[in-house]
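J.: what follows is a protein structure lacking sequence information:
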């Protein structure tokens, strides 16, 4: 009965590689987010989709590309990984008209 | 712009001590306010929320009151337990804009000793 799930939980990769993180929610929500948490625990919004439409695109390198195949899924693809991309990436979802966001367990990305 | 400022941690307390974690905000509109908690190795869980001035959010013995006049949303608990050790994030969201993404404070780590 997991509400917001992410795969993988841990991802260790070399600089220059391309990787994807997947997120799925079974709450019936229509808005999904990607947040990045850096090594100092600071959390910042990266992207948001509403009904498969991109509505927030923060100042993020264009190596990061989100994709929402349907309302229940939001994936994050990262090209040419850099050391500074090492972080924990959290997916979240929300139903329109409500302000509460539900978070996934996070994906810890380590770039070597 | 919008921002949230939290007291720096870590906050170290003995079990059964009183907890206060300060949070103040600036916002271009009328925000909803939240406290999220992150236990070691886990994701974020909503702890409590308040959507308008003078609302009090409460959960698991934690409380916070939305103070518009002081733009604050301080987190309190009367008697902390070891199991409360975690990182606590204050956050806001503006529902009257198309953005509707959370703006977080920097987090405050709480360590409760037996």
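T.: Nice, thanks for sending it over. Everything numeric in this text was worked out from a predicted model, so none of it was measured.

J.: count of residues packed around residue B:47?
T.: 21 (other Cβ atoms under 10 Å in any protein chain shown). Just so you know, the C-beta spots here come from the backbone N, C-alpha and C atoms, and that holds for glycine as well.

J.: OK, contacts around residue A:10?
T.: A:107-108, A:110 (Cβ atoms under 8 Å, 6 or more residues apart in numbering or on different chains).

J.: out of the residues you listed, which is nearest to residue B:61?
T.: residue A:108 (30.1 Å; Cβ to Cβ).

J.: quick revisit: can you lay out the contacts of residue A:10 as JSON lines showing pLDDT?
T.: Listed next are those as JSON lines, based on pLDDT from 0 to 100:
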{"residue": "A:107", "pLDDT": "96"}
{"residue": "A:108", "pLDDT": "95"}
{"residue": "A:110", "pLDDT": "97"}
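
J.: mark which of the residues you listed are part of helices, please.
T.: Using DSSP state H, no member of the contacts of residue A:10 falls in helices.

J.: same list, these, but as CSV with distance to residue B:107 please.
T.: Converted to CSV, the contacts of residue A:10 look like this (distance: Cβ to Cβ, whole Å):
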residue, distance to residue B:107
A:107, 19
A:108, 16
A:110, 20
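
J.: list the contacts of residue B:40.
T.: B:85-86.

J.: for it, helix, strand, or coil?
T.: coil (DSSP: H, G, I helix; E, B strand; the rest coil).
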